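Trainee: can't give you the sequence, but here's the structure:
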């Protein structure tokens, strides 16, 4: 414990894909060298050091996810990876050393951050398929990079022959394209804006990523609308910004460390139901946050994730959580209620150290059991010009359950279904778009295992 773990991939393994353990912080030279079976490899962001030739000669490697905490790409890291087609250089890398991608004959695109200031000779030697460079900086910044050449001028000739896509702007955003050129990354926002609606599409391509630090220090930004197209929110994306209310869709799959850290005006946030972890410092010192609903799929809460959220009173979490890191809720001295979807026995199994304010709160257990009774729900309908809105009041609130709304046409044929988690502390709200042209709806509650929890409530949407 406390030691840096050096990783070496066991020789002779036949895996085609491999995810390096989060315990690993350093990978020694040639760790994966010559592993011809490997097709994809991913490193956690805990890796901060890699030796030379780590993936050299992995001739079937087509996909690699590098740690965002690397500061350089060592010599010959990917030399002769003849199947590698694209790669994203981490955002803090400043040097790409000699022969790093030499002999990557299938490499078609690469994303290079503006932090790079040196590309040594032969770094991209014999990369004759390279067509697109997505550079997260300006043309002026690119021209300042020291790109070394050999005497023949072909050591990094591939960089000169490729099309370089520099950052572009569409007020108030700066953007670029993803490594494969099929989607858009929001790189930066004008720090003076007070409200920003991120478009779902730019230049005919979906906006899928809010990049690291994109809204960092946008202190005037009060409201942000994140479109359905966004799948990833980067490290420190809204760090120290003025956001008050944040809503995202369930299409978001990951949110980076410190994404909302020091957002001291943040009052409410609706997180995606499809994230599986709360990263370190994600909500550090969000002193205006009073309650948080942690999605059911979340398995772990990182160190200092909610530290110094001094006005946080209510925490709701699913029963998939198995680890709450030390000091995750440090100095959250206002917490009074924790609504936990599992049983008391399941709660006792969570690795939970150094979170006195959390453990001293009243824990409300409400896990699903085979013998639980059916509940009664009351449904109230209102509507706007664009939607039907339902308020569902449940007689008893069980964790790990969902409210479903099944829509039907004039012939009684189901034309769609939507669901939201059953709130464990308030009434549950669900809205249906009038564009679906539904004539009636059935509303009911099921557990995550599709166990019926309530009888259905039938509501007519259009009176005959």
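Mentor: Good, I have the coordinates. The model shown is predicted, which means the values in this text are computed figures rather than measured ones.

Trainee: show me what contacts the residue minimising distance to the centre of the chain?
Mentor: Centroid check for the chain by CA atoms, centre = their mean gives residue 254 as the closest residue, at 1.4 Å. Applying CB atoms under 8 Å, 6 or more residues apart in numbering, one finds that residue 254 lies in contact with 231-233, 275. C-beta: built from backbone N, CA, C; applies to glycine.

Trainee: Just the buried subset of these, written out for ChimeraX, thanks.
Mentor: Taking 16 or more other CB atoms under 10 Å as the burial criterion, the selection of buried members of the contacts of residue 254 in ChimeraX is written as:
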select :231,232,233,275
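
Trainee: Relative to residue 353, which of the contacts of residue 254 is nearest.
Mentor: Closest to residue 353 out of the contacts of residue 254 is residue 275 (22.8 Å), distances taken as CB to CB.

Trainee: Quick check, that closest one in contact with residue 299.
Mentor: No: taking CB atoms under 8 Å as the definition, residue 275 is not a contact partner of residue 299, at 10.0 Å.

Trainee: Can you spell out which helices and strands pack onto the helix or strand bottoming out on mean pLDDT in the chain?
Mentor: For the chain, using mean pLDDT, DSSP states H and E, the weakest element among its helices and strands is strand 6-7, scoring a mean of 76. Applying 3 or more CB pairs under 8 Å, 6 or more residues apart in numbering; DSSP states H and E, we find strand 6-7 packed against strand 26-27.

Trainee: hang on, the earlier thing: the least confident helix or strand of the chain: partners in the sheet, and parallel or antiparallel?
Mentor: On the basis of DSSP bridges, the sheet neighbours of strand 6-7 come out as strand 26-27 (parallel).

Trainee: what sits up against the strand it pairs with?
Mentor: Under the criterion CB under 8 Å, 6+ apart, external residues in contact with strand 26-27 comprise 4-8, 20, 43, 47-51, 54.

Trainee: Tabulate those residues (JSON lines), appending neighbour count.
Mentor: Supplementary listing: those in JSON lines, determined by neighbours: other CB atoms under 10 Å:
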{"residue": "4", "neighbour count": "9"}
{"residue": "5", "neighbour count": "12"}
{"residue": "6", "neighbour count": "13"}
{"residue": "7", "neighbour count": "18"}
{"residue": "8", "neighbour count": "11"}
{"residue": "20", "neighbour count": "19"}
{"residue": "43", "neighbour count": "24"}
{"residue": "47", "neighbour count": "22"}
{"residue": "48", "neighbour count": "15"}
{"residue": "49", "neighbour count": "16"}
{"residue": "50", "neighbour count": "22"}
{"residue": "51", "neighbour count": "17"}
{"residue": "54", "neighbour count": "24"}
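
Trainee: I'd like to know which of those residues is nearest to residue 434.
Mentor: Taking CB to CB as the measure, residue 43 is the one of those closest to residue 434, at 46.4 Å.

Trainee: Now do the contacts for that closest one.
Mentor: In this structure, residue 43 makes contact with 20, 24, 27, 64-67, judged by CB under 8 Å, 6+ apart.

Trainee: most surrounded residue in those?
Mentor: Top of these by neighbour number is residue 27, holding 25 neighbours under the definition other CB atoms under 10 Å.

Trainee: quick one: it and residue 137, what's the gap?
Mentor: 28 Å (CB to CB, to the nearest Å).

Trainee: Then residue 177?
Mentor: When residue 177 is compared with residue 137 (using CB to CB), they lie 14 Å apart.

Trainee: so what's the nearest residue to residue 171 once chain neighbours are set aside up against?
Mentor: Nearest-residue entry for residue 171: residue 190, 7.1 Å, with adjacent residues in sequence omitted and distances by CB to CB, 6 or more residues apart in numbering. Going by CB under 8 Å, 6+ apart, residue 190 touches 171-173, 218.

Trainee: Mind checking which of those residues land in strands?
Mentor: Judged by DSSP state E, strands contain the following of the contacts of residue 190: residue 173.

Trainee: Give me the buried entries from the contacts of residue 190.
Mentor: By the neighbour-count criterion of 16+ other CB under 10 Å, those include these buried positions: 172-173, 218.

Trainee: quick one: the strands in the stretch 351-464 of the chain?
Mentor: Counting by DSSP state E, counting those that start in this stretch, one finds strands in the stretch 351-464 of the chain at the ranges 351-352, 362-365, 377-383, 387-394, 401-408, 414-421, 428-433, 440-447, 457-460.

Trainee: what's the spacing between residue 128 and residue 105?
Mentor: 6 Å.

Trainee: same deal with residue 219?
Mentor: Using CB to CB, we find residue 219 at a distance of 48 Å from residue 105.

Trainee: Residue 189: neighbour count?
Mentor: With other CB under 10 Å as criterion, residue 189 counts 24.
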